[in-house]
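Asks: the following block contains a protein sequence and its predicted model.
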Amino acid sequence: MSDAPAPDLAREAEVRSGLDGGGLPGELAGWVAAWRGQPVVRRPIVALYASALEGAADGPARARARLEHLAQGGGAVNRFARAQGAGVEVFDLALDRPVRDAAEQPAASPREVAATIAFGMEAVAKQPDFLILGDLTLESDRAAAALIAALTGQPAEAVARPQDLDWTGRALARAAAARPASVLDWLAQLGGREVAALMGAILAARVQGVPVVLDSLASVAAAVALHAVAPEGVRHVKAASGSDHPAQAHGLGALDLTPVLAAGAAHGGEGVAGLAVLAVIRMAVEA
């Protein structure tokens, strides 16, 4: 982080002025220009991380089927990505070894979390100039909500869906009893692998000055975790769309982010909403 670039705010203002403000398109074009020098996106990538959580019915098999479908070019995200000239990368986070149930025991070890963060940095291996982040993990919202609660000081009742309240309460109580001393410890206690990998992707993009769009609750949780370590580490991040999940508002509040798109504008999690944001930026570039 000590060598990470700062945004060029003067360039951002210049681009927005050239579009007479430009409303949302102007704002997004200026944001890209602040990090890349020009409001142009040539190598956008959607990066999706697939993990499995213990206890999810047929979780590994279902997640693998989805991963393979997308890897072969199927799904809405691939169709929209082709229209926007974007690549789609899917990452297998040891699907055959589900993360342990955080309500019963630590989801992972700190060493496993650190290794997964490092693996997540592979999202920038192909040198994208714009990165959309999501996940393919079944039940990822449950783990992400618990982590957001832990890092923002919210009770389980504030972040959990009704069907997840009992699990979230037990997971938070067990994790707190272990007295986590750092964000890494909280990640190890609550999981999941997709959050750790997404944290690595956000950090790697920050170091390379690549704008990032968050397109799942897990990616929001990852940004909250990085923010808790180094607030400057999420300066390049925007959220694609709102969500009716109660943890989303608390996560975005901690990041001081307002979603680019209205809630429900595009189904989130697999990059579609992020690609809609990219389409708006391209409209500004055309202008």
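Replies: Yep, that arrived.
Asks: D135 touches L198, doesn't it?
Replies: Yes - using Cβ atoms under 8 Å, D135 is in contact with L198, at 6.8 Å. Bear in mind the C-beta positions are built from the backbone N, C-alpha and C, glycine included.
Asks: looking at these two, which one has more neighbours?
Replies: Comparing D135 with L198 by other Cβ atoms under 10 Å, the one with more neighbours is L198, at 35 against 32.
Asks: SS state for that one?
Replies: Of the three states, L198 takes helix under DSSP: H, G, I helix; E, B strand; the rest coil.
Asks: let me see the contact set for it.
Replies: Residues near L198 by Cβ atoms under 8 Å, 6 or more residues apart in numbering: Y49, G120, L133, D135, A218, S219, A221, A222, A223.
Asks: so what pLDDT did the fourth one get?
Replies: So that's D135. Per-residue pLDDT puts D135 at 92.
Asks: ok, the first one next?
Replies: Y49 is assigned a predicted lDDT (pLDDT) of 94.
Asks: coming back round to it: any chance of the contacts of L198 in a markdown table with secondary structure as columns?
Replies: Formatted as a markdown table, the contacts of L198 follow (three-state DSSP):
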| residue | secondary structure |
| --- | --- |
| Y49 | strand |
| G120 | helix |
| L133 | strand |
| D135 | strand |
| A218 | helix |
| S219 | helix |
| A221 | helix |
| A222 | helix |
| A223 | helix |
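Asks: what about the closest residue to H227 other than its chain neighbours, how many neighbours?
Replies: Computed as Cβ to Cβ, 6 or more residues apart in numbering, the closest residue to H227 that is not its neighbour in sequence is V234, at 4.9 Å. By the criterion of other Cβ under 10 Å, V234 has 25 neighbours.
Asks: hmm, V234 is touching A225, no?
Replies: No - V234 is beyond contact range of A225, at 9.6 Å (criterion: Cβ under 8 Å).
Asks: helices and strands around the helix or strand hosting R82, which ones?
Replies: Under the criterion DSSP states H and E, the helix or strand holding R82 is helix 75-84. Under the contact definition 3 or more Cβ pairs under 8 Å, 6 or more residues apart in numbering; DSSP states H and E, helix 75-84 sits against strand 44-50, helix 59-71, strand 87-92, helix 272-286.
Asks: which among those is found nearest to W186?
Replies: For W186, the closest of the helices and strands packed on helix 75-84 is strand 44-50, at 18.6 Å, according to Cβ to Cβ.
Asks: tilt between that closest one and helix 75-84?
Replies: 160 degrees (axes from the mean of the first three to the mean of the last three Cα atoms, to 10 degrees).
Asks: I'd guessed W186 sits against A149; true?
Replies: No - here W186 does not reach A149: they are 10.2 Å apart, not a contact under Cβ under 8 Å.
Asks: what about the two, which has more around it?
Replies: Ranked by neighbour count (other Cβ under 10 Å), W186 and A149 place A149 first, with 27 against 21.
Asks: quick one: the closest residue to the more buried one other than its chain neighbours from H245, how far?
Replies: In space, and not counting its chain neighbours, A149 is closest to V159: 4.4 Å by Cβ to Cβ, 6+ apart. Note on V159: its distance to H245, by Cβ to Cβ, to the nearest Å, is 8 Å.
Asks: just R62 next, same as before
Replies: Remark: distance between R62 and H245 (Cβ to Cβ) = 20 Å.
Asks: which one of these two has more residues nearby?
Replies: Legend: neighbour count by other Cβ under 10 Å for R62 and H245, higher for H245 (22 against 15).
Asks: ok, now which ones touch the more buried one?
Replies: H245 makes contact with D141, A145, R161, L217 under the criterion Cβ under 8 Å, 6+ apart.
Asks: which one among the residues you listed gets closest to R179?
Replies: A145 (21.2 Å).
Asks: so, low pLDDT: which residues of the protein?
Replies: Residues of the chain meeting the criterion pLDDT under 70: 55-59, 263-269.
Asks: can you show me the strands along it?
Replies: 44-50, 87-92, 130-135, 212-214, 237-239 (DSSP state E).
Asks: make CSV from these and add distance to G251 to it.
Replies: Output for these, formatted as CSV (distance: least, Cβ to Cβ, whole Å):
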stretch, distance to G251
strand 44-50, 17
strand 87-92, 22
strand 130-135, 14
strand 212-214, 9
strand 237-239, 9
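Asks: nearest to A284, of those strands?
Replies: Here strand 130-135 is closest among the strands of the chain (Cβ to Cβ), at 13.1 Å.
Asks: and the angle for the closest one with helix 272-286?
Replies: Using the same axes, to 10 degrees: strand 130-135 against helix 272-286 is 170 degrees.
Asks: this completes my enquiry, with thanks.
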